[in-house]
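>>> my questions concern the predicted model and sequence given below.
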Amino acid sequence: MPPLLLSVALFGFGATVTILANWLALRPWRRSAGEHWTERARLLWPARVGVVWNVLAAAALGTALTELVLRESAPPWYFRLLAGVGGGPAGSYFFDR
């Protein structure tokens, strides 16, 4: 697989994993529509912390998967890690808005 195509795929993988993880983490917060603001803030806190960790976890997962699948033809690990880290903030865009 060409390195540029792999980088784009890892970027998309990182963004998709981050979007799905954020969507799952925000479910309790969305259900608390009529609650007091302190209760809503308490439910939002784990999702906010999860956003930070999702960026790193998605990048590490994408890098590890490509190492397992494309051992000889994959570009160096730091290129793959940078592509995955780039996808994390892209996936967090919807969380921030």
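The structure has been received and is ready for your questions.
>>> show me the residue sitting in the middle of this protein in space.
Taking C-alpha atoms, centre = their mean, the centroid of the chain lies closest to Thr18, which sits 2.6 Å from it.
>>> correct me if wrong: that residue contacts Asn54.
Yes: contact criterion C-beta atoms under 8 Å: Thr18 and Asn54 qualify, at 4.6 Å. For every residue, glycine as well, the C-beta is placed using N, CA and C.
>>> identify the contacts common to the two.
Taking C-beta atoms under 8 Å, 6 or more residues apart in numbering as the criterion, Thr18 and Asn54 both touch Gly88, Gly91, Ser92.
>>> pretty sure Glu67 is touching Pro75, no?
No: contact status for Glu67 versus Pro75: not in contact, 10.8 Å apart, counting by C-beta under 8 Å.
>>> more neighbours, these two?
Per other C-beta atoms under 10 Å, whichever of Glu67 and Pro75 has more neighbours is Pro75, with 17 against 12.
>>> now do the same for that one: helix, strand or coil?
coil (DSSP: H, G, I helix; E, B strand; the rest coil).
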